Structure formats: C-alpha cells, structure tokens
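what's the 3D shape of this:
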Amino acid sequence: MITTVKKRTDTNPSELVTTRFDKRAEGTVKDINKTDKNIIVLIEANRRLEIGDKLTGRHGNKGVVTLILDDEKMPFFFLGKIKQYTEVLLSPMGVVSRMNLGQLLETHYSWLVKYEKIASEIGRPFTKLDFEFLKRELAALEIPEGKATLFVDEKEVGPAVVGFQYFAKLNHLSGDKFHVRTSGSRYSAVTGQPLKGKRLGGGQRIGEMEMWALLAHGANEFIDEATTFKSDDIVARENLRTNLETGTKLPESITSVFPHTLKTFEIFLNGMGIGLKYKDNDDLETRLISNSQKTIFDWLISRRSKRGSVKATLKLKSL
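Numbering: from 1, shown residues only. Predicted coordinates for the structure are as follows:
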C-alpha cells in the first residue's frame with residue numbers, strides 16, 4: 001500500500017521531501033513518472049467485481065452489474081447428469097434493443113469449441129455458417145438449439161440460451177465513481193444547476209432514461225426534490241436553506257413555478273428576436289426577464305397564495 005513518496009528537490013538535491021497521495025492505493029508499482037508539478041505512479045491491482053461495475057462482451061452487449069449472488073443461489077441446468085451453475089445472467093432485451101445477434105452465435109458455437117475442438121472451422125472470414133450442422137452438434141451435446149432448462153432452488157424456471165462468452169471489465173467502476181456533494185457546493189450561473197464533474201464537486205446528471213426508471217419505481221418524492229431545489233429552482237433552494245438555518249417548519253410547498261433554465265431559455269430566444277409572455281389562471285401577464293430590477297421571483301412570492309398552472313405563448317418582436 002502506497003500513501004507517501006519521497007523526492008529530492010531541484011534546489012537542493014540532497015534534501016528529501018515527503019509527498020502524500022490524495023488517496024490510498026494498493027497494488028504493484030509498475031511505473032513512476034515525474035513532472036514539474038506531479039509524481040504519477042502507475043499501480044497494477046486486482047479489484048473484485050462490485051455492484052455498479054460495467055462489463056462488456058464482444059458485440060456491444062455492455063451492461064452494469066445489478067446483483068451478485070453465491071453460486072448456490074444462481075440458476076442452474078443439467079449437462080447430462082452434471083449440475084452446471086450459471087455465472088452471468090443477461091437480459092434478453094439486450095439482444096433485441098441492440099440487434100447484436102453475434103452474441104447468440106458466440107454462445108451457441110462456444111459449446112462446439114469447448115467440447116468438439118473445432119475452433120478452426122468457426123469464424124473464418126467470407127465463409128457461410130452452417131446452421132444445420134450447428135443444430136446437429138448442439139443436439140448431440142444434449143443442448144437442443146443451444147437452450148437448457150434452468151432451475152432455481154430445484155424449481156423449474158424454463159428454457160434459456162446457455163453457453164460461454166468472453167467478457168471484459170470496463171474502466172467504469174462504481175468505487176471510483178462514488179461521489180457526494182453538499183448543498184453549499186457551486187452552481188452554474190447560466191443554468192442555475194449544480195456544476196458538472198466530480199473534480200468540481202458537481203452533481204449527478206439525471207437523464208431521460210434515468211427519469212423513466214425513477215418513474216417506474218414510483219420515486220415521486222425524489223423526482224420532486226431532484227428537479228426543484230436540488231436542481232435549478234433557486235427560490236426553493238433559498239427557502240429550504242433559510243428554514244434549515246432558522247429551524248422553522250417548512251411550508252407545504254417551497255417550489256416556484258418557473259425553473260431557472262426557463263429563464264435562460266427566454267434569454268436565448270430574446271437573442272433571436274423572440275419574446276415570451278406568460279399567463280396564469282387569472283390571465284395576469286408577466287415576463288421572466290424584466291427591464292427593471294424586479295425579477296420573476298419577486299412576483300412569485302407576492303402571488304404565492306394564488307399558485308396555479310401557467311401557460312406560455314410565443315410572440316415575435318423586434319428588438
């Protein structure tokens with residue numbers, strides 16, 4: 001384990017200065033490179049697979065590890081009279097969505113390579129695959145059409161494609177990506193959202209598919225937090241900070257009607273000569289970007305008791 005390293009200074013070669021690494025590292029030192037400001041140590045280490053790590057096959061069939069179980073808890077099948085435990089379970093939707101049938105061929109032909117030793121006849125360029133030959137060989141190995149009946153706790157689950165695949169571990173490890181930020185971290189002046197990047201103490205982006213997953217699991221409260229005061233709702237963020245500092249009870253709703261990104265969007269539209277006007281349920285018009293110092297947030301506070309749906313209309317204007 002390496003935590004410190006000693007180096008000689010340029011001004012005094014006989015003087016040793018101890019430099020401490022920003023994190024602990026275990027492994028075998030393979031190379032050390034010195035620059036004007038840094039000492040880069042290349043360390044080789046074996047890291048056990050963890051939940052959240054990313055794997056990939058040879059056909060773009062990449063995925064994230066979601067669960068790790070003991071062998072006895074994994075589905076198994078019988079190869080003759082021998083019980084075989086599966087090692088990796090892949091979603092069949094990965095074949096349909098990416099249309100990479102190569103992983104199925106690799107899995108089917110792996111039985112022939114392992115037991116029939118005919119690797120030289122498989123994968124030769126510009127040759128046509130003989131699927132009838134493949135079916136006959138798989139049937140002879142008691143794996144008809146490359147499928148076997150899976151069992152879980154001696155209970156039959158059903159037929160599934162089984163075989164061998166090459167997997168590689170990608171440099172996307174959950175342990176390296178783990179990151180925590182506080183409410184006092186920096187925010188973007190343009191979007192009002194947390195900065196991007198672990199190095200800057202940024203937040204985790206929630207994209208379209210991540211939002212689908214949260215909606216599917218019914219994480220409504222988390223979605224409300226992640227899209228308001230944890231994102232670009234400046235009013236809600238300040239209200240929450242004030243209530244936490246003073247110890248007062250939070251109101252029923254601390255969020256505003258307009259996110260900060262909508263304000264930024266209107267600025268971009270103004271640069272194109274397009275103006276936005278907003279109307280609430282009382283047909284009261286307002287603007288996000290005011291010519292005076294009064295902002296939309298002042299208007300929101302004054303109309304907090306009359307919150308309702310807001311509709312926007314686009315109108316061309318000359319600037």
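
strands of this structure, start to end?
2-8, 16-25, 28-34, 39-44, 54-56, 63-64, 76-79, 82-85, 147-152, 155-161, 168-169, 274-279, 285-286, 311-316 (DSSP state E).

now the fourth one: mean pLDDT?
Taken as a whole, strand 39-44 has a mean pLDDT of 81.

what residues of that strand count as buried?
For strand 39-44, a neighbour-count test (16 or more other C-beta atoms under 10 Å) marks residue 41 as buried. C-beta coordinates here come from the backbone N, C-alpha and C atoms, glycine included.

can you name every helix or strand that that strand contacts?
Contact partners of strand 39-44 among helices and strands, from 3 or more C-beta pairs under 8 Å, 6 or more residues apart in numbering; DSSP states H and E: strand 2-8, strand 16-25, strand 28-34.

from residue 64, how far out is the residue nearest to residue 168 when sequence neighbours are not counted?
Spatial nearest neighbour of residue 168, chain neighbours left out: residue 56 (5.5 Å); criterion: C-beta to C-beta, 6 or more residues apart in numbering. Distance, residue 56 to residue 64, by C-beta to C-beta, to the nearest Å: 10 Å.

neighbour count for these two, which is higher?
Set side by side, residue 56 and residue 64 show more neighbours around residue 56, with 15 against 12, by other C-beta atoms under 10 Å.

close enough to count as contact, the more buried one and residue 170?
Yes: if you go by C-beta atoms under 8 Å, residue 56 and residue 170 touch, sitting 5.6 Å apart.

show me the common contact partners of these two, please.
Residues touching both residue 56 and residue 170 (C-beta atoms under 8 Å, 6 or more residues apart in numbering): residue 62.

so residue 236 makes contact with residue 229?
Yes: assessed by C-beta under 8 Å, residue 236 is found in contact with residue 229 at 3.8 Å.

ok, of the strands of the chain, where does mean pLDDT dip lowest?
Mean pLDDT, when computed for each of those, is lowest for strand 311-316, at a mean of 47.

domain ranges for the chain?
Under the assignment automatic domain parsing, the domains of the chain span 2-44, 54-169, 180-246, 260-316.

which of those comes out lowest on mean pLDDT?
Among the domains of the chain, domain 260-316 scores lowest, with a mean of 62.

what is the neighbour count of the closest residue to residue 173 other than its chain neighbours?
Nearest non-adjacent residue to residue 173, counting by C-beta to C-beta, 6+ apart: residue 53, 5.3 Å away. For residue 53, the neighbour count with other C-beta under 10 Å is 20.

from residue 146, how far off is residue 53?
Taking C-beta to C-beta, one finds residue 53 at 28 Å from residue 146.

quick one: contacts for residue 111?
Residue 111 makes contact with 137-138, 141, 143, 146, 163-164 under the criterion C-beta under 8 Å, 6+ apart.

quick one: the helices in the protein?
93-98, 102-111, 131-140, 174-177, 208-216, 220-226, 234-246, 260-271, 296-302 (DSSP state H).

identify whichever of those helices lies nearest to residue 193.
Nearest to residue 193 among the helices of the chain is helix 260-271; the distance by C-beta to C-beta comes to 7.3 Å.

what is the closest one packed up against?
Applying 3+ C-beta pairs under 8 Å, 6+ apart, we find helix 260-271 packed against strand 274-279.

show me which positions of the strand it packs on end up buried.
275-276, 278.

which one among those residues gets closest to residue 103?
Closest approach between these and residue 103, by C-beta to C-beta: residue 276, at 49.2 Å.

which strand residues bridge the closest one?
Beta-bridge partners for residue 276, by DSSP bridges, are residue 314.

quick one: it and residue 266 touch, right?
Yes: if you go by C-beta under 8 Å, residue 276 and residue 266 touch, sitting 4.9 Å apart.

contact partners for residue 170?
53-56, 62.

again, 10 Å this time
Counting by C-beta atoms under 10 Å, 6 or more residues apart in numbering, residue 170 touches 53-56, 62, 64.

ok, residue 44 next?
27-31.

now the residues you listed as TSV including distance to residue 99?
What follows is the contacts of residue 44, written out as TSV (distance: C-beta to C-beta, whole Å):
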residue	distance to residue 99
27	39
28	41
29	44
30	40
31	41
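
most neighbours of all the residues you listed, which one?
Among these, residue 27 has the most neighbours (other C-beta under 10 Å), with 14 neighbours.

name the nearest residue to that residue, ignoring sequence neighbours.
With sequence-adjacent residues excluded and distances taken as C-beta to C-beta, 6+ apart, residue 27 is closest to residue 45, at 3.0 Å.

tell me how many other residues surround the one you found.
8.

repeat for residue 129
Around residue 129 there are 14 residues (other C-beta under 10 Å).

hmm, residue 105 and it touching each other?
Yes: counting by C-beta atoms under 10 Å, residue 129 does reach residue 105; the two are 7.3 Å apart.

from residue 221, how far out is residue 227?
On the measure of C-beta to C-beta, residue 227 and residue 221 end up 11 Å apart.

between these two, point out the one with more neighbours.
Neighbour totals were compared for residue 227 and residue 221, and residue 227 leads with 15 against 8 (other C-beta under 10 Å).
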